[in-house]
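K.L.:
Next one to model:
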Amino acid sequence: MITIPNFLFALLVSALCGSLYHLLRGGDGWRLFLYLALSALGFAAGQAFSVWRGWNLFAFGALDIGVGAIGSVIFLTFGEWLGKTKKESGV
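P.N.:
Prediction:
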């Protein structure tokens, strides 16, 4: 069971991952919102995977920050790839 402080810390770490990804990749405000949402979903998926498999990469209390951050990066990369649109040529 996750406590409120752990949940808030997980949101903080996932927001940090999403913000750093936006800083590196760029984009507008909507892209930042997308990155923050994808990062939170990826962190939660990484946490669930860590609990399911029993893996601990960088545990901080009940949170596994390492696997959660890896999940965030995977979701961010996949989400950006899905969000790419083909630029139309001006011909």
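
K.L.:
okay, CA-based contacts and neighbour counts for the rest of this
P.N.:
OK.

K.L.:
Quick one: the strands in the protein, in order.
P.N.:
Ranges of strands in the chain, per DSSP state E, are 59-60, 63-64.

K.L.:
hmm, who's touching the last one?
P.N.:
It stands for strand 63-64. 6, 10, 47, 50, 56-58 (Cα atoms under 8 Å, 6 or more residues apart in numbering).

K.L.:
The residues you listed: which two are farthest apart?
P.N.:
N6 and L57 (16.8 Å; Cα to Cα).

K.L.:
of these two, who's got more company?
P.N.:
Under the neighbour definition other Cα atoms under 10 Å, N6 and L57 were set side by side, and N6 has more, 15 against 12.

K.L.:
my guess is the more buried one meets A62, correct?
P.N.:
Yes: judged on Cα atoms under 8 Å, N6 makes contact with A62 at a distance of 7.3 Å.

K.L.:
residues contacting the most centrally placed residue in the chain?
P.N.:
Closest to where the C-alpha atoms of the chain average out (Cα atoms, centre = their mean) is S39, at 2.0 Å. Taking Cα under 8 Å, 6+ apart, we find S39 in contact with 14-15, 17-18, 71-73, 75-76.

K.L.:
longest single helix anywhere in this structure?
P.N.:
Ranked by residue count under DSSP state H, the longest helix found in the chain is helix 29-53.

K.L.:
Work out the gap between it and the centre of the chain.
P.N.:
4 Å (Cα atoms, centre = their mean, to the nearest Å).

K.L.:
Then stretch 22-39?
P.N.:
Using Cα atoms, centre = their mean, the offset of stretch 22-39 from its chain centre is 10 Å.

K.L.:
Repeat that for stretch 52-68.
P.N.:
Distance, centroid of stretch 52-68 to centroid of chain: 15 Å (Cα atoms, centre = their mean).

K.L.:
can you tell me the average pLDDT over that stretch?
P.N.:
Mean pLDDT, computed over stretch 52-68, is 86.

K.L.:
any idea which of the contacts of strand 63-64 has the most stuff around it?
P.N.:
In these, the most neighbours by other Cα under 10 Å go to Q47, 26 neighbours.
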